[in-house]
Every structure is written in structure tokens, then in C-alpha cells.
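> Task: produce atomic coordinates for the following.
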Amino acid sequence: MGFMDRLEEIEHNYEELERQLAEPDVYEDRQRYAELARSHAELSEVVPVLREYREARKEAQEAGDMLREEEDPEMLDFLRDSLEAAESKSAELEQKIKIMLLPPDPRDEKDVIMEIRAGAGGEEAGLFAGDLYRMYTRYADRNGWKTEILSSSPSELGGFKEIIFSVRGKDAYSRLKYESGVHRVQRIPVTESGGRIHTSTATVAVLPEAEEVEVTIEPSDLRVDVFRSTGPGGQSVNTTDSAVRVTHVPSGVVVSCQDEKSQLQNREKALRILRARLLRMEQERQQREQAEERRSQVGTGDRSERIRTYNFPQGRISDHRIGLTVYRLEDVLYGDLEEIIEALASADRAERLAEIGGVD
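From the prediction side, this is the model:
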């Protein structure tokens, strides 16, 4: 499907949703109405832009047609300027639409857990980890996000060997996810009497906060066997099949319970134990995934691995992933990260567009 075909389909869907939302019987079905309203809201941002884009293309077409027929020199200049402006606006809007149509990262709406650890450089690395923590909390304040320390291990001079904290707020993960990796600092340490510049590192991991895990057990996934309860040495405890063995077929987890006198009580207790075990398994799976993501984000923490360098003597910050250098180190450390993060987000969007060849 071509780009223009895609836009026509979007506008058609939008208009169809508007028509359905206006129908009385749809309005009375609250669940159906909510689903349609959500879909309508998702398209309501892109549709005005695509209509503006279509208008700009129309203006460019009309200016081009008139240019081919015009002979007056002044009018030719005017039409050339009009054509150039319309084509420029059209190209700008086309890029904007393509970015809007990129599939969102499903994790972007999540809150964040950030982990900062001192890397190479001893006590100076711990001080730098503290600088980074304060930088991120200040950036969070600027965005109206809430931060909370979850765990910390202070260093002797007031930095951190490790600090883990949460960031809660709109779009927190979508902005902070670019901060994962090794951060390098070049400066004269407070512990250095000779005035020599040292290089130290700290690693930053940005993890989307896992939502509370709910364990749902489908009855079809269970195999329930009953048997007679037995006491020590094989002695029969009672004469009925009150003991219960529950097998969760997908996971292979088996729970047996014979403590209660009734089969129903034993079954309920076995299911409670089963849920707890499945919950623990799911939490361990999530923790493994987070650990793998953490390892992929921060590497070994070696000085040669870095995403960004903070050079104090030059007042310079360089992000090595996109070749960006800014000479506002003090501002950035006080939380003014927006220029760097927006540049990283823009580069990420461009890369994703290149991977899918636009949205065709």
C-alpha cells in the first residue's frame, strides 16, 4: 500500500468512526462506544495533519500548473516562491505523518526504574554516580515526574557505589530509555592533589517497571486427582478420598494437599499454593528478562565503552551515538537534558523510518 493510499484509508476509517459514534444505538452500548471513542482519539491527531498535507500538495500542484502557463516575469518569480514554499511544507508534513504512524514502543507508557552504579575510577566514580543521580532527579522535576529511592549504597565521600530509584510520570520511559549505558567523566578529582585529569565511569540501566503480576489459571489447564489421605508409615488417616493432587499442565507444577478433612478444602488450599508458585515463577522470569536487559544496556562498565562523555575542563558533553557535542555541561547536570534527549529521540525515529522504508 502506497503512502497516499494509506492516508486515504486512515481518513476513511476516521470518518466511519465519527459516523458510528453519532448513532444512538452505539451510544447506548457503553462498551462499544468506549472502544470506538478510543480508536477515534488515536486517529484524531494524525487526520488534521494529513488534511493539511493534502492541501499543501494541492497548492504545489496548482502553483506548478500556473508556472508552466505564465509568462510575466514578476508573476513567474511569485509562482516559483509559492511552489517552493508549498513543496517544502508538503515534505515537512509528510515526514511528520510518517513519524506519527510509526508503531509505538509498548513500553513507552510505563514508569521507570533507574539503576546507577559506580564503574571504573574508585571514589571518583562514586561521586560521578551521585552527579548523574541528581541530574536525573532534576530532569524529572522539570517534567513533573515523581522520584523515589528504592535502594542505595553511599560511598565514603558522599557519592554512591549504587543507587536504584523509580521515576513515575507521563512519558518517563519514552524519554529516559536513551540514557542506558556507560557514562564517562573527565575531570580533576577532589582527591587529586596534583591537578591531573582522571577518567572515571558510571553505568546507567533504565528498566520499564513491571506491572503487578496477576496469575490467571484456566480450569482447562488443570488436572485434579483425588486419593486417600495417609499418615506416617502408610497409616490411613480417614476412609474417604479427601486428599487432592493438582497438576498445572502447561508448567508441569504439581501440588498435593491432604491436611484438611474435606476434598473441597484440600483443593482450595492446593490452588492457593499453585497460584503462589506460578506467581513466583512469573516474577523470576521477569527478573531474568530485566537482568538480561540490564546486561545489554551497560556492558562491562569499562572506560572504553561509553555512550556519553562529560568533560569538565572544556565544559563539554559529547554523546558518541549520534556525534552530538554541547558546551553546556553545568546546565545539563542541573537537569537541562531536553536538547540531548530530543536529538537521540529524533535519531531513533529516523533509524526506525529507514528500517521500514517510510511507511509504505
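
> From now on I want contacts and neighbour counts done on CA atoms only, so please keep to that.
Noted.

> Sketch out the low-pLDDT regions of the stretch 1-150 of the chain for me.
Where the stretch 1-150 of the chain drops to pLDDT under 70, the residues are 1-3, 99-100, 102-104, 106.

> Would you state the helices of it in chain order?
Secondary structure of the stretch 1-150 of the chain (DSSP state H, counting those that start in this stretch): helices at 3-21, 24-28, 30-44, 46-69, 73-100, 123-142.

> For the longest strand belonging to the chain, list every residue counted as buried.
Longest strand in the chain, counting residues (DSSP state E): strand 198-208. Neighbour counts over strand 198-208 (16 or more other Cα atoms under 10 Å) mark 199, 200, 201, 202, 203, 204, 205, 206, 207, 208 as buried.

> Least confident of these?
Within the buried residues of strand 198-208, pLDDT reaches its minimum at residue 208, with 82.

> how near is that residue to residue 135?
19 Å (Cα to Cα, to the nearest Å).

> next one: residue 94
36 Å.

> Identify, by residue count, the longest helix of this protein.
Using DSSP state H, we find that the single longest helix of the chain is helix 263-298.

> on contacts alone, who are the packing partners of the next helix or strand after it?
As assigned by DSSP states H and E, the chain's next helix or strand after helix 263-298 is strand 308-311. Where contact means 3 or more Cα pairs under 8 Å, 6 or more residues apart in numbering; DSSP states H and E, strand 308-311 is packed against strand 181-187, strand 316-319.

> May I see the buried residues of stretch 322-338?
In stretch 322-338, counting by 16+ other Cα under 10 Å, buried: 329, 332, 333, 334, 335, 336, 337.

> okay if I get those residues as TSV plus distance to residue 54 and pLDDT?
Output for the buried residues of stretch 322-338, formatted as TSV (distance: Cα to Cα, whole Å; pLDDT from 0 to 100):
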residue	distance to residue 54	pLDDT
329	43	96
332	40	95
333	43	95
334	43	96
335	40	95
336	37	94
337	36	95
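
> tell me the mean pLDDT for stretch 281-298?
73.

> Now do it: everything it contacts.
180, 181, 182, 203, 204, 205, 206, 207, 210, 213 (Cα atoms under 8 Å, 6 or more residues apart in numbering).

> Convert the C-alpha atoms of it to CSV, please.
The C-alpha trace of stretch 281-298 is given here as CSV (Å, rounded to 0.1, in the frame of the first residue of the first chain):
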residue,chain,number,x,y,z
MET,A,281,7.9,-18.4,38.5
GLU,A,282,6.5,-15.4,36.6
GLN,A,283,8.3,-12.9,38.8
GLU,A,284,11.6,-14.9,38.4
ARG,A,285,11.0,-14.8,34.6
GLN,A,286,10.5,-11.1,34.6
GLN,A,287,13.6,-10.7,36.8
ARG,A,288,15.7,-12.7,34.3
GLU,A,289,14.4,-10.6,31.5
GLN,A,290,15.3,-7.4,33.4
ALA,A,291,18.8,-8.8,34.2
GLU,A,292,19.4,-9.6,30.5
GLU,A,293,18.2,-6.1,29.5
ARG,A,294,20.4,-4.6,32.2
ARG,A,295,23.5,-6.5,30.9
SER,A,296,22.7,-5.5,27.3
GLN,A,297,22.4,-1.8,28.4
VAL,A,298,25.6,-1.3,30.4
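
> Noted, bye for now.
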